[in-house]
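K.L.:
need coordinates for the following:
(chains A, B, C and D)
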Protein chains: 2
Amino acid sequence: MGISKTELFTPEQNEIASIAKAIAHPARIAILQYLVDVNSCVCGEIVDEIGLSQSTISQHLKELKKMDIIKGEVEGVKVCYCINRQKMDSIRILFNQIFKQFSCC
Amino acid sequence: MGISKTELFTPEQNEIASIAKAIAHPARIAILQYLVDVNSCVCGEIVDEIGLSQSTISQHLKELKKMDIIKGEVEGVKVCYCINRQKMDSIRILFNQIFKQFSCC
DNA sequence: AGTATTAATCGCAATATTACGATTAATAGT
DNA sequence: ACTATTAATCGTAATATTGCGATTAATACT
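P.N.:
Numbers count the residues shown, from 1 in each chain, chains lettered A, B, ... in the order given. Just a heads-up that it's a prediction; the model follows:
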């Protein structure tokens, strides 16, 4: 992408964009919704649920974890993922603020 | 990206991801915030405000317009862009619903 | 110790995104 | 008609993303 120009923007602008990017994939939305449904679960179950390969799902989980949107807890051979509800809450509040700016007069 | 696998996901999941992608760039956040500040303005002013080239800004505007997040009105040689507040409102409601799912118990 | 299971990582290919300069098309002003 | 202004588009380069198979590392179970 040529050069990324994050230095042109405020930390808040970069933060919002980063969060948006983390959820800007249908598979990641599907993963989050699945985690809500089952409350928490292991990677293998997500692979079965969504029709993507194990390595691909693992990468998506990594991206979500990078942004602190989900947490992964090792349970022996398996890893139990769950939504970081506190982070989710702060994202919801942040986005609501921003969108209110954009939508209100 | 190998092959995009949108067919694996629901229309809603794809829609949310698309909207998120549209705002998943700090320049586009900055553009929207600037449009809020000045209420409406022409492309050239945005180019001056943000430190990116005219062609790059034009592309970002195109992406935002593609998702119906902004509207562009031709005024002679200039084009006046403004936020589509109705769309913004529906996005805010949609995202709030989704994030509430993710954050509440 | 040997095998099975699980998930992370590596390496690769295909495609998308970001950015810019140059060009183009369209209008406005002379 | 000529020129200036504006914004879209084209072409291109650099980089990121998405996806998969293969491999690896780590634990659990014989």
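
K.L.:
the helix or strand encompassing residue A:33 near chain B at all?
P.N.:
Per DSSP states H and E: residue A:33 is located in helix A:26-38. Yes: counting by CB under 8 Å from any CB of the partner chain, contacts between helix A:26-38 and chain B involve A:26, A:27, A:28, A:29, A:30, A:32, A:33, A:36. (Glycine included, C-beta is placed from N, CA and C.)

K.L.:
distance of the most centrally placed residue in chain A relative to residue A:22?
P.N.:
Residue closest to the average C-alpha location in chain A (CA atoms, centre = their mean): residue A:64, at 3.7 Å. Distance of residue A:64 to residue A:22, given as CB to CB, to the nearest Å: 6 Å.

K.L.:
is the residue lying closest to residue A:19 once chain neighbours are set aside in a helix, a strand, or coil?
P.N.:
The shortest distance from residue A:19 to any non-neighbouring residue, by CB to CB, 6 or more residues apart in numbering or on different chains, is to residue A:91 (5.7 Å). Put simply, residue A:91 is helix when judged by DSSP: H, G, I helix; E, B strand; the rest coil.

K.L.:
buried ones in stretch A:76-91, by neighbour count?
P.N.:
A:81, A:83, A:84, A:87, A:88, A:91 (16 or more other CB atoms under 10 Å in any protein chain shown).

K.L.:
now stretch A:22-37
P.N.:
So, applying 16+ other CB under 10 Å, buried residues of stretch A:22-37: A:22-33, A:35-36.

K.L.:
mind checking if it is in reach of DNA strand D?
P.N.:
Yes: Stretch A:22-37 reaches DNA strand D (CB under 7 Å from any atom of the strand) through A:24, A:25, A:27.

K.L.:
what is the neighbour count of the residue lying closest to the last one once chain neighbours are set aside?
P.N.:
Going back to what we said before, that points to residue A:27. Distances taken as CB to CB, 6+ apart place residue A:60 nearest to residue A:27, at 5.4 Å, with adjacent residues excluded. By other CB atoms under 10 Å in any protein chain shown, the residues close to residue A:60 number 19.

K.L.:
who are the contact partners of residue A:60?
P.N.:
A:25, A:27, A:28, A:31, A:52 (CB atoms under 8 Å, 6 or more residues apart in numbering or on different chains).

K.L.:
surely it is within a strand?
P.N.:
No: Residue A:60: not assigned to a strand; according to three-state DSSP it is helix.

K.L.:
check it and give its pLDDT.
P.N.:
pLDDT, residue A:60: 98.

K.L.:
quick check: the gap between residue A:75 and residue A:40.
P.N.:
Residue A:75 is 10 Å from residue A:40, by CB to CB.

K.L.:
chain A: helices as residue ranges?
P.N.:
Applying DSSP state H to chain A gives helices spanning A:11-22, A:26-38, A:43-49, A:54-66, A:85-103.
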